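*Asks:* return atomic coordinates for the entry below.
(chains A, B, C and D)
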4 protein chains.
Amino acid sequence: MSYASAPIPTAPDTRPLAAGVIGASGYAGAELVRLLSSHPTLRPAVLQARSEGFDEVDAAAISSCDVVFLALPHGESQAIGTELIERGTQVVDLGSDFRVDGWTYGLPELHRESIRVARAVANPGCYATAAILGLTPLAASGLIDGPAHFDGKSGVTGAGRSPSEKTHLPELYNGITPYSVMGHRHLAEIEQELSVLAGSPQLATFVPHLLPTSRGLLVTAHVRLLEPLDQADLDDLYRSRYDGETFVRLGGLPAPQRLAGTNVCWINAWADPRTGTVVIEAALDNLVKGAAGQALQNANIMLGIDESAGLTVQGLWP
Amino acid sequence: MSYASAPIPTAPDTRPLAAGVIGASGYAGAELVRLLSSHPTLRPAVLQARSEGFDEVDAAAISSCDVVFLALPHGESQAIGTELIERGTQVVDLGSDFRVDGWTYGLPELHRESIRVARAVANPGCYATAAILGLTPLAASGLIDGPAHFDGKSGVTGAGRSPSEKTHLPELYNGITPYSVMGHRHLAEIEQELSVLAGSPQLATFVPHLLPTSRGLLVTAHVRLLEPLDQADLDDLYRSRYDGETFVRLGGLPAPQRLAGTNVCWINAWADPRTGTVVIEAALDNLVKGAAGQALQNANIMLGIDESAGLTVQGLWP
Amino acid sequence: MSYASAPIPTAPDTRPLAAGVIGASGYAGAELVRLLSSHPTLRPAVLQARSEGFDEVDAAAISSCDVVFLALPHGESQAIGTELIERGTQVVDLGSDFRVDGWTYGLPELHRESIRVARAVANPGCYATAAILGLTPLAASGLIDGPAHFDGKSGVTGAGRSPSEKTHLPELYNGITPYSVMGHRHLAEIEQELSVLAGSPQLATFVPHLLPTSRGLLVTAHVRLLEPLDQADLDDLYRSRYDGETFVRLGGLPAPQRLAGTNVCWINAWADPRTGTVVIEAALDNLVKGAAGQALQNANIMLGIDESAGLTVQGLWP
Amino acid sequence: MSYASAPIPTAPDTRPLAAGVIGASGYAGAELVRLLSSHPTLRPAVLQARSEGFDEVDAAAISSCDVVFLALPHGESQAIGTELIERGTQVVDLGSDFRVDGWTYGLPELHRESIRVARAVANPGCYATAAILGLTPLAASGLIDGPAHFDGKSGVTGAGRSPSEKTHLPELYNGITPYSVMGHRHLAEIEQELSVLAGSPQLATFVPHLLPTSRGLLVTAHVRLLEPLDQADLDDLYRSRYDGETFVRLGGLPAPQRLAGTNVCWINAWADPRTGTVVIEAALDNLVKGAAGQALQNANIMLGIDESAGLTVQGLWP
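*Replies:* Numbering: from 1, shown residues only, chains lettered A, B, ... in the order given. This next block holds a predicted model:
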């Protein structure tokens, strides 16, 4: 018997569930605390600011949690994540340490059933979430004539809470700044997932850019097709793939400022028969669907409760 | 005898040249007046705010000008532009009316000799300038496995001085907004010029985005190659093509905020042998190299004076 | 018997209450709909976009509402507001038409008991809310040596959803813009309320400024004192006045970006014995405590339900 | 005989003058280099990035300069400034070390004749420049019923090039942030100069705020009068005081975004007979008239050349 065949029913009235957040003072950690504050059944029971070693974390309190979120800088989740799993605690890691060839890849729209029975989930990168969800229907159709070409744009919160010369306001203001042109950390995740979807190795180019803004992320993709696809077919492909998905919105002109505070990934795809290309736009809030919200979505699934619990609050706009 | 074989020598001390600006109250027109204010030999002799018909413009004053700049909204240059040419006045049109299959295409780095003898020059679009200059060395090499894929990002001044719901600050703030995904006006110019360079029809996809900023523009291109090119070859290709060009800067991470007020197009290209792709970034100030500055560069060439006259002032940064 | 002596008890389980919003497509109206979407008992039953006359509004549907919010441009509430009151509907007007010498002034921290029994409440202006709450303890103490000097700064949403030349992004970007230096609409409200608090006529100067941002508002006040007050006395004055107030936060450095989406007014006061002056900072979200949130707070009081119902969601930051 | 009675004539054709800039990599230093690049006679001969001690600076090269600018962080000019003066080099210090009871206070519109014969000039603070110039006509008239009340707003470049948590983009975005409410460094300068103008001690309150922008500064003042002044008298007072001043603009709605790159201080004053108050707005570019531009203006005066040399370039707007 498994979670998948017999999910634990939600029981909000009988017992609140306890969440731990390690790294609660960073932007993603703080966002998680915000989301947990309106969650119907999961309580932020143990909050720890960033810590070098597990010794400084109250291990007993952590072990009493139903799920622990790691919201640590990249590279710092390895030791504590491994130890928590060994102790039998369910973990969602918001860092990049376990995303490639590691833990269950926590993109619910692709891996819901695996997440349901996983004890260790690696939350996808913010850019990767938009890039992969944006291409999933096409990749699964086997129609992509790779590589796929991605252009990412993100607000500064995506680079974390630590100030740096590169993210100093006057350096970014009134412009847009490319970085890591040939080697962003999220590229490996993107290629891994697109390859699984397509059933064959898929390559990609990915160029990220910093916007002089705070939160919000947009990924634009240009994808060539092996066979032509008209707009009606393309619309069908996307609608049927995402039918029933609470956190995917289709159509229109995706713009991240319309999603602030929400767990939605907003996607649209345009067929260009003239060039045999499809253009995709995928927008999200990098701190929610790109980090804390998706982590909570994963935890909800792991705990067998309503997947959208704590994630239904309306966004803030304008 | 032609201008090309016997250019008129610069004579700043003997006779100032007179410029007319029709549409001087728009952003591009005002920028032109700013640039003319520090030009050594060309004086802003006749300034006219936007006008519906040529009757309202002082035709005699205009006809005394050595060059007239049209900085009118798209579609409004046709009548007045044609009439000025018939009267024998040299004209640079900053609008899109004459760019495709019309007047001499005013991209000096490509068409300097044609511009030198032209009486009617169509100034390129802001996105088109960055896109074409960014791909010129590759296109001319015949190595592009088209279509080329362009992603454009621009500040709001690129959309002009008239306020609209789509450009209202709260609608754009803290985000980035795609528009005209499948049919931006500049796409035809881009394909026209790349085709001429390659000697065969070249297609492209182009997706523009509005930044919540004022001026500055960045175009990112992903281009597949027919044959592999390593980084050293790519660097050579770009360096040799742009050797001696005053207004092209190569290398680094092009960012438009570093170019505010300058006539520079800042380009870099990265080879990605893994995917057989080249990524190009091309940044510029949309009101200068993307509009008024390039118009002045064209006028300088048409008048036989120093191409960089009035365009050497250092940019404003940060 | 009155509401004040016998408030109607909250009964969320038995009957949801119905709210009407006239002007639901403006920024304040849309914010009200957002807040109502998470209100435990009040439902957004009738939503009407801006309408010239009451004829176009479904009068029957409106009359079935327990409370109607008017979120119309300034000057357009007069007719419909008066008619609704005559029909016996409870109304909260977010415009300025009834604020001075008109309906009950809906600043709950000052007029809670009057609002409780009122059928017609005029919601204060955004600047006025910050200015009045910021000075209330001092004004009530009778210590102000007037006039009080106010400096206001607001994001562009405070100027509404209609684009204009003055609020066009490039005109505001990278700066701050004063307007209505000698005659802002909110000055009369401010003086009216400070005079009531002091028990004698109080004058003020008020200079508003537009920030190149979307939402958020800060008012800075410089107030001279008739008698010296040290910091400890000042702190006591503010703490005792606002003890128990859910939506007033004291201390620290008030900054509106920390309050986005919340109904909080964040206030601090500094004594400067050297100059006999007190400096006050008061920050709020102009669309929430400065508009829709305060309107909902007023409606909650009028309906006899929990004053903070629908207003407890955590803000979005950063 | 003095400089004042027999100024050294400008001789641009015969000998270029040499400028040294110590601290050329900070924002103010880089701005100085930008301005020097278009100066007709003064050349940026020696540029030194920030240095802890004078040993690391090429003392011989520095001593060959006609004027040396110190653009160092606050508190680091003392040693090197004193040593340069002892060596007989003319110095303009952009820091705050010598402003109060120290070197000649380099506000040309107030102290032009003293600057002309000074060897050591302390360049005013950015806020102080706007505050003092904004109140000079009133202070000199003896009509101020003090203290004067100042509200300052500045872009982040005013806080320098070093990133910090307080100036990290996400912390400032979509808001405005007060700081140093009761003790900003510039207050002493302001009171010193207003007292000299009035002939008696003048006190002030000054509250600075950080805007989420790059450059530009606005100071708003509320000043009570000992005797009433109508608008016509006030206008006369300002016009007559600033008649002939190249870098003071009067009237309209001062907005710093209209002054980017210029050395102009834009001032307007409004009389409010109802409250016996005058409101003043004073805007400038904090890196030009608030730092590098004013430093160059001072150097021009010290060197006996045209006061506006290198400072006439038109600003960049929008």
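*Asks:* please make it C-alpha for all contacts and neighbour counts, starting now.
*Replies:* OK.
*Asks:* separation between A:E76 and A:G95?
*Replies:* Applying C-alpha to C-alpha, to the nearest Å, the value for A:E76 to A:G95 is 8 Å.
*Asks:* neighbour count: these two, which is higher?
*Replies:* With neighbours defined as other C-alpha atoms under 10 Å in any protein chain shown, A:E76 and A:G95 compare such that A:G95 has more, 22 against 18.
*Asks:* excluding covalently adjacent residues, which one is nearest to that one?
*Replies:* Among residues not flanking A:G95 along the chain, A:H74 sits closest, at 5.3 Å (C-alpha to C-alpha, 6 or more residues apart in numbering or on different chains).
*Asks:* read off the pLDDT value for the one you found.
*Replies:* pLDDT for A:H74: 84.
*Asks:* try the one 5 residues further on
*Replies:* At A:A79 the predicted local confidence, pLDDT, stands at 91.
*Asks:* if we can go back for a sec, and the residue nearest to A:G95, what does it touch?
*Replies:* Taking C-alpha atoms under 8 Å, 6 or more residues apart in numbering or on different chains, we find A:H74 in contact with A:95-97.
*Asks:* distance check, it against D:G155.
*Replies:* 32 Å.
*Asks:* the stretch 151-300 of chain A: strands as residue ranges?
*Replies:* Counting by DSSP state E, counting those that start in this stretch, the stretch 151-300 of chain A has these strands, from start to end: A:177-178, A:204-210, A:217-224, A:248-250, A:265-272, A:277-284.
*Asks:* how about those, which one is nearest chain B?
*Replies:* Closest of these to chain B is strand A:177-178, at 5.2 Å (criterion: C-alpha to the nearest C-alpha).
*Asks:* spell out which parts of chain A neighbour chain B.
*Replies:* Taking C-alpha under 8 Å from any C-alpha of the partner chain as the measure of proximity, chain A contacts chain B at A:147, A:149, A:151, A:155, A:170-179, A:181-182, A:203-205, A:213-218, A:220, A:222, A:253-257, A:270, A:272, A:275, A:277, A:318.
*Asks:* and those near chain D, which?
*Replies:* Among these, the ones lying near chain D by C-alpha under 8 Å from any C-alpha are A:170, A:173, A:213-215.
*Asks:* quick one on the thing from earlier: where's the residue nearest to A:G95, which helix or strand?
*Replies:* Using DSSP states H and E, A:H74 sits within no helix or strand.
*Asks:* burial count for A:R15?
*Replies:* By other C-alpha under 10 Å, neighbour count at A:R15 equals 10.
*Asks:* what pLDDT does it get?
*Replies:* A:R15 is given a pLDDT of 78.
*Asks:* can you classify it by secondary structure?
*Replies:* Taken by DSSP: H, G, I helix; E, B strand; the rest coil, the conformation at A:R15 corresponds to coil.
*Asks:* for it, what are its contacts?
*Replies:* Each residue near A:R15 by C-alpha under 8 Å, 6+ apart is listed here: A:T41.
*Asks:* how many degrees apart are the helix or strand encompassing A:L133 and strand A:265-272 in direction?
*Replies:* Element membership of A:L133 [criterion: DSSP H and E] is helix A:126-141. Interaxial angle of helix A:126-141 relative to strand A:265-272 (axes from the mean of the first three to the mean of the last three C-alpha atoms, to 10 degrees): 50 degrees.
*Asks:* contacts for helix A:126-141, please.
*Replies:* A:107, A:109, A:144, A:150, A:152, A:158, A:186-187, A:189-190, A:193-195, A:197-199, A:217-221, A:237-238, A:241, A:265, A:267-268, A:280-284, A:286-287, A:289-291.
*Asks:* would you mark the buried spots in that helix?
*Replies:* Residues of helix A:126-141 classed as buried: A:126-140 (neighbour count, 16 or more other C-alpha atoms under 10 Å in any protein chain shown).
*Asks:* equivalent analysis for stretch A:91-99, please.
*Replies:* Within stretch A:91-99, the residues that count as buried by 16+ other C-alpha under 10 Å are A:91-99.
*Asks:* could those be laid out in CSV, adding secondary structure and pLDDT?
*Replies:* Formatted as CSV, those follow (DSSP: H, G, I helix; E, B strand; the rest coil; pLDDT from 0 to 100):
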residue, secondary structure, pLDDT
A:V91, strand, 97
A:V92, strand, 98
A:D93, strand, 98
A:L94, coil, 97
A:G95, coil, 95
A:S96, coil, 93
A:D97, coil, 92
A:F98, coil, 95
A:R99, coil, 95
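*Asks:* which one of these is nearest to chain B?
*Replies:* Using C-alpha to the nearest C-alpha, those come closest to chain B at A:R99, 21.7 Å.
*Asks:* need the residues of the stretch 101-250 of chain A near chain C, please.
*Replies:* The stretch 101-250 of chain A comes close to chain C at residues A:157, A:214-215, as judged by C-alpha under 8 Å from any C-alpha.
*Asks:* try 10 Å
*Replies:* A:157, A:161, A:173-174, A:214-215 (C-alpha under 10 Å from any C-alpha of the partner chain).
*Asks:* max pairwise distance over those residues: which two?
*Replies:* Greatest spatial distance among these (C-alpha to C-alpha): A:R161 and A:N174, at 20.9 Å.
*Asks:* the two: who's more crowded?
*Replies:* With neighbours defined as other C-alpha under 10 Å, A:R161 and A:N174 compare such that A:N174 has more, 28 against 18.
*Asks:* A:V313 falls within a strand, correct?
*Replies:* No: judged by three-state DSSP, A:V313 forms no part of a strand; its state is coil.
*Asks:* ok, A:R258 - contacts?
*Replies:* Applying C-alpha atoms under 10 Å, 6 or more residues apart in numbering or on different chains to A:R258 gives the contacts A:216, A:264, A:266, A:283-285, A:315-318, B:171-177.
*Asks:* now it: how far from A:L311?
*Replies:* Taking C-alpha to C-alpha, one finds A:R258 at 16 Å from A:L311.
*Asks:* repeat that for A:A131.
*Replies:* Applying C-alpha to C-alpha, the value for A:A131 to A:L311 is 21 Å.
*Asks:* and for A:D97?
*Replies:* Distance from A:D97 to A:L311, by C-alpha to C-alpha: 25 Å.
*Asks:* over to A:E193?
*Replies:* Using C-alpha to C-alpha, we find A:E193 at a distance of 25 Å from A:L311.
*Asks:* could you point out which element follows the helix or strand containing A:R112?
*Replies:* Assigned by DSSP H and E, A:R112 belongs to helix A:108-116. Next helix or strand after helix A:108-116 toward the C-terminus (DSSP H and E): strand A:120-122.
*Asks:* neighbouring strands for that next one, and are they parallel or not?
*Replies:* strand A:91-93 (parallel), strand A:104-105 (parallel) (DSSP bridges).
*Asks:* identify the residues contacting the last one?
*Replies:* When contacts are defined by C-alpha under 10 Å, 6+ apart, strand A:104-105 is touched by residues A:92, A:98-99, A:111-112, A:114-115, A:117-124, A:189, A:193, A:298.
*Asks:* can I get the buried part of those as one PyMOL selection?
*Replies:* Buried residues among the contacts of strand A:104-105 (16+ other C-alpha under 10 Å), as a PyMOL selection:
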select buried, chain A and resi 92+98+99+112+114+115+117+118+119+120+121+122+123+124+189+193+298
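*Asks:* hmm, A:G276 and A:L229 touching each other?
*Replies:* Yes: A:L229 lies in contact with A:G276 (C-alpha atoms under 10 Å); the separation is 8.0 Å.
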